[in-house]
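> Let's see this in three dimensions:
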Amino acid sequence: MLFGKKDIFAKIDSLAEKGHLGKLIDIAQTNGDENARIAAYKAIGNLHAKEAVDSLLAVFRTDETTEVKLAAAEALSRIATRAEFDAMFHAADNESDEQVAKALRDAAVEAKERQKY
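Take a look at the predicted model:
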């Protein structure tokens, strides 16, 4: 379903309020508007949904937009735990954008410091 520019942001807000993680991930991965993808990744991070970690890690292989990757790294910093530490550092090591690589490393350090497994 296609949404107008204003409508997509209202839809993201509504989905986040309702906790519809799968639909937020779909928007984040497929919407052509990078600002919509950024908003969706921020909403995912705010949900603290551990189920989103694999989708967030995939961003660094599939999206070329620095700002989108930074939003995904921020979401990871809110969600990921020690279990994802190695995967996050691996993604950082393979990232060509140093700003994104640094954000991933920072998120990995935050994840490692969490007490959850």
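> Please identify which helix or strand holds Tyr41.
helix 34-47 (DSSP states H and E).
> List of residues touching the longest helix belonging to the chain?
As assigned by DSSP state H, the longest helix anywhere in the chain is helix 98-113. Contacts of helix 98-113 from elsewhere in the structure, counted by C-beta atoms under 8 Å, 6 or more residues apart in numbering, are 60, 66, 69-70, 73-74, 76-77, 80-82, 84-85, 88-89, 91-93, 95. Yep, even glycine has a C-beta here, placed from its N, CA and C like the rest.
> which secondary structure element contains the residue nearest in space to the middle of the chain?
Closest residue to the average C-alpha location of the chain: Ala72 at 2.6 Å, with C-alpha atoms, centre = their mean. According to DSSP H and E, Ala72 maps onto helix 66-79.
> quick one: buried residues of that helix?
68-79 (16 or more other C-beta atoms under 10 Å).
> Touching, Ala72 and Ala52? I think so.
No: with contacts counted by C-beta atoms under 8 Å, Ala72 stays clear of Ala52, the gap being 9.6 Å.
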